[in-house]
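> here is a sequence together with a model predicted from it:
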Amino acid sequence: MFSGRSNRTLVEDPARWPSTLKGLSSQIHAMGLLFGSYTSASEFTCQWRQGSFSFESEDAANFCGQGLDFLWIDDCGGEKWPEVRSSWARFRAGNERCVAQVSLSLSLSLSLSLSLSLS
């Protein structure tokens, strides 16, 4: 999904998102559907792609700004915060910042090995 980071922002992988994430989101919304994506609160996703560890706030704001309606978050691989609430608070802060800027809200769903779900 993403190929890395530049200035703390996820860089979209053009091979996976040729029309950009925002473009895909617009196309899906034009069909009357909601659109969501996935990230990890840890360093890597389950597919060993770039996760959101230590960039949770920036990533949540970015996903919201791209027009996503939902974001599924797990804690698959690599480094992560020892306290789950630390990561969740950062995701919520980014989402709230986006809501204030563009009047959109991103529904967050956290799924951990404890099967804990928060929204």
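Thanks, I have the structure now. Numbers count the residues shown, from 1 in each chain.

> can you give me the pLDDT of the residue of the chain most remote from its centre?
Largest separation from the mean C-alpha position in the chain: Met31, at 22.2 Å (C-alpha atoms, centre = their mean). Met31 is assigned a pLDDT of 95 by the prediction.

> go on, Arg5?
74.

> wait, a strand at it?
Yes. Applying DSSP: H, G, I helix; E, B strand; the rest coil, one finds Arg5 inside a strand.

> so it makes contact with Phe53?
No. The pair Arg5 and Phe53 does not pass the contact test of C-beta atoms under 8 Å, sitting 11.1 Å apart. For every residue, glycine as well, the C-beta is placed using N, CA and C.

> more neighbours: these two, which one.
Phe53 (21 against 13; other C-beta atoms under 10 Å).

> so where does that one fall, helix or strand?
For Phe53, there is no helix or strand it lies in under DSSP states H and E.

> so what's it up against?
Residues near Phe53 by C-beta atoms under 8 Å, 6 or more residues apart in numbering: Ser40, Ala41, Ser42, Glu43, Gly78, Glu79, Lys80, Trp81, Ser87.

> now it: closest residue in space, sequence neighbours ignored.
Leaving aside its chain neighbours, Phe53 sits nearest to Glu43 (4.5 Å; criterion: C-beta to C-beta, 6 or more residues apart in numbering).

> could you report the neighbour count for the one you found?
Neighbours of Glu43 under the rule other C-beta under 10 Å: 17.

> now, the contacts of Phe53 that are in strands?
Members of the contacts of Phe53 lying in strands (criterion: DSSP state E): Ser40.

> got the contacts of Phe53 as TSV, with distance to Arg97 and pLDDT columns?
Output for those, formatted as TSV (distance: C-beta to C-beta, whole Å; pLDDT from 0 to 100):
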residue	distance to Arg97	pLDDT
Ser40	20	88
Ala41	18	87
Ser42	22	88
Glu43	23	88
Gly78	25	82
Glu79	24	83
Lys80	22	84
Trp81	19	83
Ser87	16	84
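
> so which pair among the contacts of Phe53 is furthest apart in space?
When C-beta to C-beta is used, the two most widely separated members of the contacts of Phe53 are Gly78 and Ser87, lying 12.7 Å apart.
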